[in-house]
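**Student:** Next one to model:
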Amino acid sequence: MGRLFLTDWKREDLAQAAHYDANELAKLCGVSTRQLQRYFRRNFHHTPQHWLNERRLAAAQSLLLSGDSVKKVALDLGFKQPSHFCRQFKNRNHMTPSQFAVSQNAKCRSGITDVAER
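**Tutor:** I've put the predicted structure just below:
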């Protein structure tokens, strides 16, 4: 990429291609890790790793909603331990991954019931 542009950070595939690692992201962008840190601090007011973690947890939500198990999601997204994934997920979403999946499925079912009753 060479030069970083604000629109590049809207691409979810960039985080996935970097395996959610800031050093890998810097390599993909053709800049040093320090340049990447300065760019993020200036434009987003947080670190590249924070951005990558947010992307990874958003991907986790999608995988959980598609029916994948907590353990499979954790391993697919590069967490070394499912417990680490659960801790990060709970810190961000204020519920465990299992609670999230159950609550979202319940919301979906209640929406279907509401439509069927009409």
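
**Student:** In space, not sequence, find me the middle residue of this structure.
**Tutor:** Nearest residue to the geometric centre of the chain (Cα atoms, centre = their mean): residue 56, 2.1 Å.

**Student:** Could you find the closest non-adjacent residue to it?
**Tutor:** Nearest residue to residue 56, sequence neighbours excluded (Cβ to Cβ, 6 or more residues apart in numbering): residue 20, at 4.5 Å. The way it works is simple: take the backbone N, C-alpha and C, and place the C-beta from them, glycine included.

**Student:** What helix or strand is the one you found located in?
**Tutor:** Element membership of residue 20, judged by DSSP states H and E, is empty: it is in no helix or strand.

**Student:** ok, it touching residue 50?
**Tutor:** No. Residue 20 is beyond contact range of residue 50, at 11.3 Å (criterion: Cβ atoms under 8 Å).

**Student:** contacting residues around the residue nearest to residue 56?
**Tutor:** 52-53, 55-56, 77-78 (Cβ atoms under 8 Å, 6 or more residues apart in numbering).
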